[in-house]
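Q: no sequence on this one, just coordinates:
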């Protein structure tokens, strides 16, 4: 074979072979094409066989070129084979295609109740400050719920109108988590730093902003040297953790029989930054009652009220949940409507 | 306490606006709930003289009044005829506005006669709620004067929320004292002193108090020449704004004085008092009296009555009786000003379910020093309003109690408030409050507590006054030095874990009210429930003993609201009596109904017992508890689809489906899968310590074995025997198919298990595996009649 003819054939075979291989649309076609291009009867093979008859100079040059063409075509076969095997254009895979816009399979989602979520967040804020969670019964006796808390028998708060009683003499459904203050102090000497999250009961008609059964988080600190400033500082720390660093805390005078001085706690509204909006009205969100533990209460628990002072406050968990999640009707919290609850999926 | 701003300014002439006062009072602990303007919009009403009243040509009831205004004459159609020629009346001309009508008046044709505006009744001017006739104005006014400015009908009312410890704030004077202390504006209290008649009160009537504990002070004044007239219009307007109905000048004087100085007063018609004399005593059991509201009450011997020398005439501190009521023929009045013990008034008020302005003040505490102040103020008003003759002196039993003297240390105040307070600063606070405080030593002041401050009993109460008047806003903000690690007790921590596990198992947490109705108790059985003695509604008559009824109600609510798939749980307390005492136990309840897997990937299957069982399995696996199915449970569950949940032979709960008949009765659609578990048991049984096993180094031999058994043979029993027969080489068993029907013969079923065999030290040979399979087949055949269908 003339070396020039051989070189021409190599060029033709490379270009034509690559075209031929790429046009194969199934693995079978590719196999046929491979035999045509690289098989023993292929022109390329003829060139290879004829190399021996060439002069050394041409033989070295054409031999290298022949190998290059062989390698390129073999690579093309493999690359086309991968393409065909991996699918693009494969009939089997086309048949296996799906409508990828269909919703995916997911495990059935569960969710925690917003009050659980808020309570856990609140508890975490206080436990991180060193408070321990204390517990007490929901059906409480009048000593712990009233007398020990400096609410004597003829006190207006003790009417059947306001409290729910049960048919065991002297027992009622606790009206405040404050009852657990007494139980805690009766069971341990100072210092005391506890919180009490829990359910409380009032004989009150239910509407969008009132439930007769609701939840409080009580905080009690008794130690040497505690003052109103510690109460305010603790409230402020709580507000910063729950609502953000920009929040201010405020206390104003109020009356509860078990504290003196007594206070109402409020934090600046985090929605409007304390300017006043639909949720807060006047820029402040009321959080509940507070104050310095009344010396009579400390004395009732056998504490030395001259040596120890303390503060206590009760936060409304529903109220925090409503503000935090924008719930405008408290009844949603007890209806168990799945369409309400499912919004808390994935809330931690 | 509704405080009329002009009244407040009479007693403390502050120039602060209503909003500023509200803010100020709030910062001092007397929150203003609302600021009202009862006369908002009233304008353009003038004084007019009636010139003529003639019949309406086309109506029997209506008449036409021709009136003279400052600028001319006008005709208006009127629906009543109480005005006479020459009377002065309020005229609202076209363009004027009256209370209760949103738009300005226009000229209007009424049955063919044009009415240029209207004459006003008291309610249309907000003077009282009366709509019986046109308000006749005092003759000394001049035609054309503006009625709004003549009677001050542009006032503002502050509705102050008074805390129960501060009864002194249930009076305009009390609020004025607070404003004075907060602003420094001096108080201008009503002038004491009244012109008394020569005739002495002593001897006209007697007063006897038989229970001095319940009535420490009783003072009577005698007022003669009582005339039955209406109070001045501006007074009526003030009282109406303050929330009290004007009645007649004599009665209004007592109410006005009460609102002003806080001392409840009661006028008796002297002529109707037998004796005449007053006897204050306890009631005899069953004694009766008709009160002014026309209700007959029967009393206990704990109730205190005001009597004449023969019979009861009033319920002390609560309400007067009809027998000696002041009426339009009354000419002489015995005016009562007394102090009653708080608790007694409260008990009587509760027993009678009768709360009045008087009882509200007495049960919180009325100033024993205010008795003569209140009586004198009412007498003063009666003199002023209708020229009453007040007899000289009083008939009185008892006296004001001595004032408490309470010491307060500035050092203690500093410690409690958290900023330094000197005794001089403390004295300044009490000075602003008008309360006497004298220095005892460098640190201590002694405070003389006036009778109206019933709340100031011990040092800490005085400390509150110091920080209250100085301002809570001055209190600093410091964190306490907590010296312990915080945390949760085991129960709280465990409940958290449960809730997370259940939410993780695809259930949504709900919270329900922990009450139960009679029907709820019947549903679950009523083992020793606790009754709520005074529930708000009958459905809340018991404490719940199960979570199930609450869950089912939530399920139904969701079904009514077309929710497709409901899977909910609650973790909360249930209650029952144990040895006569309440026992509170936390429980877990769950309920599932509707489409198990909504959406295109699901097969349309609805929740059933196996979903509930799966949730229980997931939870108990999470807690590391091995459990099993136990015996059947009865009502209200499906007899063939329910069971006890058992751990180590002990029942810890149930899982199953609600009985279909009961579900139907409760209007619950389809199958309702439920479970209830006792938390205390779970807590005791759960493990959180983990010691890992070695991960297997050799491959398992997997054999799929299908056994044909009678339908009645439980899969659980087959698996148990299989596990036992397989012995130590058994690694795991998975029941992967249950089949009934062709090609099996009727009454049989096939259970297919995938059994993994494995040794820890070598790869098992086929021969070893075959040996185990043979043993399994033999045992199942022998024990349960099972036939190995394929291996």
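A: Alright, I've got the coordinates. A quick note: this is a predicted structure, and the numbers were derived from the prediction, not measured.
Q: Output the set of residues of the stretch 1-150 of chain A in proximity to chain B.
A: Listed as neighbours of chain B in the stretch 1-150 of chain A under the rule Cβ under 8 Å from any Cβ of the partner chain: A:102-103, A:105, A:107-113, A:115-116, A:120, A:123, A:126-135, A:137-139. Glycine gets a C-beta too; all of them are placed from N, C-alpha and C.
Q: Quick check: phi and psi on residue 112?
A: All of this is about chain A. The phi/psi pair for residue A:112 (degrees, to the nearest 10) reads phi -90, psi 150.
Q: if you could check chain B rather than the one you did, that'd help
A: Backbone torsions of residue B:112, given as degrees, to the nearest 10, read phi 90, psi 0.
Q: Which helix runs longest in chain B?
A: When chain B is parsed with DSSP state H, its longest helix is helix B:766-784.
Q: ok now the following helix or strand past it, how far from the chain's centre?
A: Next in sequence after helix B:766-784, counting helices and strands by DSSP states H and E, comes strand B:787-790. Offset of strand B:787-790 from its chain centre (Cα atoms, centre = their mean, to the nearest Å): 71 Å.
Q: Could you list the low-confidence segments of the stretch 51-200 of chain A?
A: In the prediction, the stretch 51-200 of chain A carries residues with pLDDT under 70 at positions A:87-90, A:156-157, A:159-161.
Q: mind listing the strands for it?
A: Along the stretch 51-200 of chain A, counting by DSSP state E, counting those that start in this stretch, strands occupy A:132-133, A:139-141, A:171-173, A:192-201.
Q: The shortest one packs against which elements?
A: On a contact count with 3 or more Cβ pairs under 8 Å, 6 or more residues apart in numbering or on different chains; DSSP states H and E, strand A:132-133 meets strand A:192-201.
Q: and the residues of the stretch 1-150 of chain A next to chain B, which are buried?
A: Using 16 or more other Cβ atoms under 10 Å in any protein chain shown as the burial test, the residues of the stretch 1-150 of chain A next to chain B include A:108, A:110-113, A:115-116, A:120, A:123, A:126-127, A:129-135, A:137-139 as buried.
Q: wait, what's in contact with the residue nearest the centre of chain B?
A: What sits nearest the mean C-alpha location of chain B, by Cα atoms, centre = their mean, is residue B:536, with 11.4 Å. Residues near residue B:536 by Cβ atoms under 8 Å, 6 or more residues apart in numbering or on different chains: A:164, A:203, A:204, A:205, A:212.
Q: tally of neighbours for residue 24?
A: By default, I'm working from chain A. When neighbours are counted by other Cβ atoms under 10 Å in any protein chain shown, residue A:24 registers 19.
Q: That was the other one, I meant chain B.
A: For residue B:24, using other Cβ under 10 Å, the count is 17.
Q: for residue B:153, same thing?
A: Using other Cβ under 10 Å, residue B:153 is surrounded by 22 other residues.
Q: tell me the contacts of residue A:286?
A: A:264, A:265, A:266, A:319.
Q: Now tabulate the residues you listed in a markdown table and tack on neighbour count.
A: Listed next are the contacts of residue A:286 as a markdown table, based on neighbours: other Cβ atoms under 10 Å in any protein chain shown:
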| residue | neighbour count |
| --- | --- |
| A:264 | 23 |
| A:265 | 26 |
| A:266 | 21 |
| A:319 | 19 |
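Q: Chain B next: which of those are close?
A: Filtering the contacts of residue A:286 for proximity to chain B by Cβ under 8 Å from any Cβ leaves residue A:264.
Q: Out of the contacts of residue A:286, which is nearest to residue B:532?
A: Of all the contacts of residue A:286, residue B:532 sits closest to residue A:319, with 25.0 Å by Cβ to Cβ.
Q: after the helix or strand that closest one falls within, next one along is what?
A: Taking DSSP H and E as the definition, one finds residue A:319 inside helix A:317-325. Later in the chain than helix A:317-325, the nearest helix or strand by DSSP H and E is helix A:332-335.
Q: near chain B, anything from that following helix?
A: Yes: Helix A:332-335 reaches chain B (Cβ under 8 Å from any Cβ) through A:333, A:334, A:335.
Q: Please determine how far the closest residue to the last one other than its chain neighbours is located from residue A:338.
A: If I follow you right, that is residue A:335. Among residues not flanking residue A:335 along the chain, residue B:557 sits closest, at 6.2 Å (Cβ to Cβ, 6 or more residues apart in numbering or on different chains). Noted for residue B:557: a distance of 9 Å to residue A:338, by Cβ to Cβ, to the nearest Å.
Q: Pull out the buried residues from whichever strand or helix holds residue B:412.
A: Counting by DSSP H and E, the element that carries residue B:412 is helix B:410-417. The neighbour-count criterion (16+ other Cβ under 10 Å) identifies B:410, B:412, B:413, B:414, B:415, B:416, B:417 as the buried residues of helix B:410-417.
Q: Assign a three-state SS to the residue nearest to the centre of chain B, would you?
A: Following DSSP: H, G, I helix; E, B strand; the rest coil, residue B:536 is assigned to coil.
Q: where does it land on pLDDT?
A: pLDDT, residue B:536: 88.
Q: Residue B:734 now?
A: We have a pLDDT of 95 for residue B:734.
Q: and what of residue B:10?
A: If you check residue B:10, the pLDDT there is 94.
Q: For it, grab the count of nearby residues.
A: Counted with other Cβ under 10 Å, residue B:10 comes out at 16.
Q: so it sits in a helix?
A: Yes: Residue B:10 sits within a helix when classified using three-state DSSP.
Q: How about the contacts made by it?
A: By Cβ under 8 Å, 6+ apart, the contact list for residue B:10 reads B:172, B:188.
Q: circling back: sort out which residues of the longest helix of chain B are buried, please.
A: Residues of helix B:766-784 classed as buried by neighbour count (16+ other Cβ under 10 Å): B:769, B:772, B:773, B:776, B:777, B:779, B:780, B:783, B:784.
Q: cool, stretch B:269-288 as well?
A: B:269-270, B:272-273, B:275-283, B:287.
Q: Show me what secondary structure element comes after whichever strand or helix holds the residue nearest to residue A:335.
A: Using DSSP H and E, residue B:557 sits within helix B:548-560. Next helix or strand after helix B:548-560 toward the C-terminus (DSSP H and E): strand B:565-578.
Q: Would that following strand count as contacting chain A?
A: Yes: shown here: strand B:565-578 in contact with chain A (Cβ under 8 Å from any Cβ) through B:565, B:566, B:567, B:568, B:573, B:575, B:577.
Q: Domain ranges for chain A, per the record?
A: Domain ranges of chain A: A:3-95, A:114-344, per automatic domain parsing.
Q: among these, which is nearest residue B:230?
A: Closest to residue B:230 of the domains of chain A, according to Cβ to Cβ: domain A:114-344, at 35.6 Å.
Q: Can you check the distance spanned by the closest one, start to finish?
A: Start-to-end span of domain A:114-344 (Cα to Cα, to the nearest Å) is 7 Å.
Q: now, of the domains of chain A, which is deepest in the fold?
A: A comparison of these by mean neighbour count, using mean count of other Cβ atoms under 10 Å in any protein chain shown, puts domain A:114-344 on top with a mean of 20.
Q: which non-adjacent residue is nearest the residue of the stretch 101-250 of chain B found nearest chain A?
A: Closest contact between the stretch 101-250 of chain B and chain A, by Cβ to the nearest Cβ, is at residue B:163 (3.6 Å). Excluding its sequence neighbours, the residue lying closest to residue B:163 (Cβ to Cβ, 6+ apart) is residue A:255, at 3.6 Å.
Q: now do residue B:273
A: Nearest one to residue B:273, counting by Cβ to Cβ, 6+ apart, is residue B:308 at 4.3 Å.
Q: what sits against that neighbour?
A: Applying Cβ under 8 Å, 6+ apart, we find residue B:308 in contact with B:273, B:274, B:275, B:276, B:277, B:278, B:279, B:324.
Q: Next, the buried residues of stretch B:69-84.
A: By neighbour count on 16+ other Cβ under 10 Å, the buried set for stretch B:69-84 is B:69, B:74, B:75, B:76, B:77, B:78, B:79, B:83.
Q: Of the strands of the stretch 51-200 of chain A, which is nearest residue B:341?
A: Residue B:341 lies closest to strand A:171-173 among the strands of the stretch 51-200 of chain A, at 25.6 Å (Cβ to Cβ).
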